[in-house]
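**Student:** Predicted model, plus sequence, below.
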Amino acid sequence: MARTRFSRYQSYTTQKRNRQRVFRIFITILLVYYGYLFVNAALLRTVYWQSESMEPGLQKDVSVLVTPLPFGHTHIPFLPFGLPGWRGPERGELVLLVPAYHTPTSPWVSVLDEAVRFFTLNKLSLVARKSWDQDYTLRRVIGLPGDTIKLDNFTASVKPKGKQFFLSEYELSKKIYSLKDNPLPSEWKSSYPLSGSAPEITLGPDEYFVLADNRARASDSRTWGVVRGEDIKGLAILKYWPLSQFGSL
């Protein structure tokens, strides 16, 4: 009888240890998942870029690091606040933004989709999107609130708020970049989409004018219109993969 009781005691202890082990694994997975959400939403996120629209500076099939920190467009998961920013986007910077044509999903679906993609290593998603309807895109900031902008031969001229004269986008840019030379067909009219010319536009409060670097092959503020500050989600800072493309943006 004593041996039987000892055997039962051992069985209970083993079961308790197994339950504790499962519980620790479950808590660890939850903490890792929350850490992933926190880093992705508040500090850094990775973007796999699959477009030719920002060539030659950013090639297709390159992984990019983006941070929302400077602009304050962060949120701490499951909390009603985020981390404060210290500035807005600057001319010449490459930013991650929500395109004007994007159809947003409901917040609850977005949260559940994050979980599904995390636990399936991005193999599955709850959101079925059309190929052209992306959650985000990368574009270059050309004009800030209050600026007046015009476009000729694909190059923008900017008259900053409070100034009298236009300067080229390169003179005002905080970054060095170049455009891809893709000429349009000879009969392409200035009124057509993706034209190299655009009339003057003066930006209102919290409005930004963004352009692609491959301007003959990509849509941007010429076709969407201006972008609101709240739709600019982060600053692209680094190309990190493949290693042959490694470098700042």
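**Tutor:** Perfect, I can see it now.
**Student:** for the strand of greatest length in the chain, the distance to its chain's centre please.
**Tutor:** Scanning the chain for the strand with the most residues, using DSSP state E, yields strand 232-241. From the chain centre to the centre of strand 232-241 is a distance of 7 Å (C-alpha atoms, centre = their mean, to the nearest Å).
**Student:** The helix or strand just after it pairs with which strands?
**Tutor:** Where DSSP states H and E defines the elements, the next helix or strand beyond strand 232-241 is strand 247-248. The pairing partners recorded for strand 247-248 under DSSP bridges are strand 232-241 (antiparallel).
**Student:** report the longest helix in the protein, please.
**Tutor:** Longest helix in the chain by number of residues, with DSSP state H as the criterion: helix 2-38.
**Student:** Can you list the helices and strands that it packs against?
**Tutor:** helix 107-119 (3 or more C-beta pairs under 8 Å, 6 or more residues apart in numbering; DSSP states H and E). In short, each C-beta sits where N, CA and C put it, glycine included.
**Student:** and the helix it packs on, what's its mean pLDDT?
**Tutor:** Averaging pLDDT along helix 107-119 yields 71.
**Student:** List the buried residues in the longest helix of the chain.
**Tutor:** By neighbour count on 16 or more other C-beta atoms under 10 Å, the buried set for helix 2-38 is L37, F38.
**Student:** Could I get the average pLDDT for it?
**Tutor:** On average, helix 2-38 scores 78.
**Student:** moving C-terminal of that helix, what's the next helix or strand?
**Tutor:** strand 45-49.
**Student:** what's the offset of that next one from the middle of its chain?
**Tutor:** That offset, for strand 45-49, works out to 7 Å (C-alpha atoms, centre = their mean).
**Student:** For it, the averaged confidence score.
**Tutor:** 88.
**Student:** Packing partners of that strand?
**Tutor:** Looks like strand 45-49 contacts strand 62-67 (3+ C-beta pairs under 8 Å, 6+ apart).
**Student:** Can you give the strand pairings for the strand it packs on, parallel or anti for each?
**Tutor:** strand 45-49 (antiparallel), strand 232-241 (antiparallel).
**Student:** And the shortest one, what's buried?
**Tutor:** Of the residues in strand 45-49, those buried under the neighbour-count criterion (16+ other C-beta under 10 Å) are R45, V47, W49.
**Student:** Same question for the last one.
**Tutor:** The neighbour-count criterion (16+ other C-beta under 10 Å) identifies I232, K233, G234, L235, A236, I237, K239 as the buried residues of strand 232-241.
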